[in-house]
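> no sequence on this one, just coordinates:
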């Protein structure tokens, strides 16, 4: 019961517009991570610090904040590529189309625009290709949203806790 209450009240707030946090400083991400770690301690009733927070997150099957942000961006990108909605965002990303035939031509990668500022690197048009291209091809090729989402979480979960 504590897990469902914690998830509905706090984790929903952590996930709200968290794709805007892409490229944010480590100190700001760290503050949110400490909040998630505290929530994990409350949910699991582990008030002593004998158990590491990462182990508690693993037991609860929660992704750390950095991976939650990447997960949300990748899921939004999948929706844009499969449904082309919302149009105001689907116009910001383009599939990678090399000028000649290369091995990477059929890898469903996105074209990364060049930016000159750190603030520009946080834009969705830059973050989306960066996150999407870092996902393995076999996950990017899943046709349904549910299977994509399941395998994507497994990928980020393995990355976070390996």
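Perfect, I can see it now. Source: prediction; values computed, not measured. Numbering: from 1, shown residues only.
> which residue sits closest to residue 24, ignoring its sequence neighbours?
Of all residues not flanking residue 24 in the chain, residue 122 sits nearest, at 7.5 Å (C-beta to C-beta, 6 or more residues apart in numbering). All C-beta spots, glycine's among them, are computed from the backbone N, C-alpha and C.
> wait, the one you found touches residue 23, no?
Yes - using C-beta atoms under 8 Å, residue 122 is in contact with residue 23, at 3.8 Å.
> for residue 20, what are its contacts?
Contacts for residue 20 (C-beta atoms under 8 Å, 6 or more residues apart in numbering) come out as none.
> any idea which helix or strand carries residue 34?
In the assignment (DSSP states H and E), residue 34 maps to helix 26-44.
> how far is that helix from where the chain is centred?
Averaging C-alpha positions (C-alpha atoms, centre = their mean, to the nearest Å) puts helix 26-44 17 Å from its chain's average.
> show me what the next helix or strand after that helix is packed against.
Going down the chain from helix 26-44, the next helix or strand is helix 53-60, by DSSP H and E. Secondary-structure packing of helix 53-60 (3 or more C-beta pairs under 8 Å, 6 or more residues apart in numbering; DSSP states H and E): helix 26-44.
> can you rerun that using 10 Å?
For helix 53-60, the packing partners by 3 or more C-beta pairs under 10 Å, 6 or more residues apart in numbering; DSSP states H and E come out as helix 26-44, helix 145-160.
> and the longest one, what's buried?
This points to helix 26-44. Counting neighbours by 16 or more other C-beta atoms under 10 Å, one finds that the buried residues in helix 26-44 are 29, 32-33, 36-37, 39-41, 43-44.
> so which of those is the closest to residue 109?
Relative to residue 109, the closest of these is residue 29; by C-beta to C-beta it sits at 26.0 Å.
> that closest one contacts residue 14, correct?
No - contact criterion C-beta atoms under 10 Å: residue 29 and residue 14 do not qualify, at 11.0 Å.
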